[in-house]
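Asks: below are the sequence and a predicted model for it; my questions follow.
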Amino acid sequence: MNTTTKVDPRIIRTQKLIMDAFAHLLTSKEFKDITIQDITHEATVNRATFYYHFVDKYDLLEKVLRKEFTDTVCNQIAGYTLLDAATVTDIFLCVTRFQTSLYARCRSGFETFKTTIEAIIQKELEQAFGQMLINQHGGASDESLRVAAVMLSWGMIGASMDWRQNSNLPAEQYIELALPYVTRGLGSLMA
């Protein structure tokens, strides 16, 4: 017996149509100025169809950002099973590329939904780091692994935001500055 539920392709197409229309509008208008009417007109759907799929434009924004992050970052890092220097570097570079791309496309709106972006990145990275930590330290307590995943995810977000706002270094050089301390732990800071 197959327990996976198939989603009607029409639902997928309609959601994609609305999400693409919204993403297109974000390139020319500020988020606060985009109305449901703008979105439905651009997507060539009616309001009822929009509200069937999304609660409001904030729900739509969250789903668009989550899908884009999943497509551009999570799918790239899904194969990592161990947390090491190469993994940390690759994840950092994926996150900074995602942020740079998003900022370039919606410069005026980026600051408006920065908190939403951070929350999405944090939650997705927490899950990825959590799985890697379980793979490496399966015998450790669930709570200690969860806390470590939370700290790693927020640290990655903080570093990527600092890189974007305060650094002139390429992302590769920026992360290499921290790697010796991150990979060897606090002992290398106190030595």
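Replies: Yes, it's here.

Asks: run a quick neighbour tally on residue 129.
Replies: 26 (other CB atoms under 10 Å). Quick note: C-beta positions are derived from backbone N, CA and C, even for glycine.

Asks: same check, this time on residue 174
Replies: Neighbour tally, residue 174, other CB under 10 Å: 20.

Asks: hmm, it is touching residue 165, no?
Replies: No. Using CB atoms under 8 Å, residue 174 is not in contact with residue 165, being 11.8 Å away.

Asks: contacting residues around the closest residue to residue 74 other than its chain neighbours?
Replies: Leaving aside its chain neighbours, residue 74 sits nearest to residue 124 (5.5 Å; criterion: CB to CB, 6 or more residues apart in numbering). When contacts are counted by CB atoms under 8 Å, 6 or more residues apart in numbering, residue 124 touches 66, 69-70, 73-74.

Asks: if I look at residue 124, what pLDDT would I see?
Replies: According to the prediction, residue 124 has pLDDT 89.

Asks: okay, and it sits in which element?
Replies: helix 114-136 (DSSP states H and E).

Asks: distance from that helix to the middle of the chain?
Replies: Relative to the mean C-alpha coordinate of its chain, helix 114-136 is positioned 8 Å out (CA atoms, centre = their mean, to the nearest Å).

Asks: so where's the chain shaky on pLDDT?
Replies: The model of the chain has pLDDT under 70 over residues 1-4, 107-110, 185-191.

Asks: can we see that at 80?
Replies: Residue ranges of the chain with pLDDT under 80: 1-7, 104-113, 138-140, 182-191.

Asks: so it: which segments form each domain?
Replies: Following automatic domain parsing, the chain resolves into domains at 9-54, 62-184.

Asks: measure the last one end to end?
Replies: Terminal residues of domain 62-184 lie 36 Å apart, using CA to CA, to the nearest Å.
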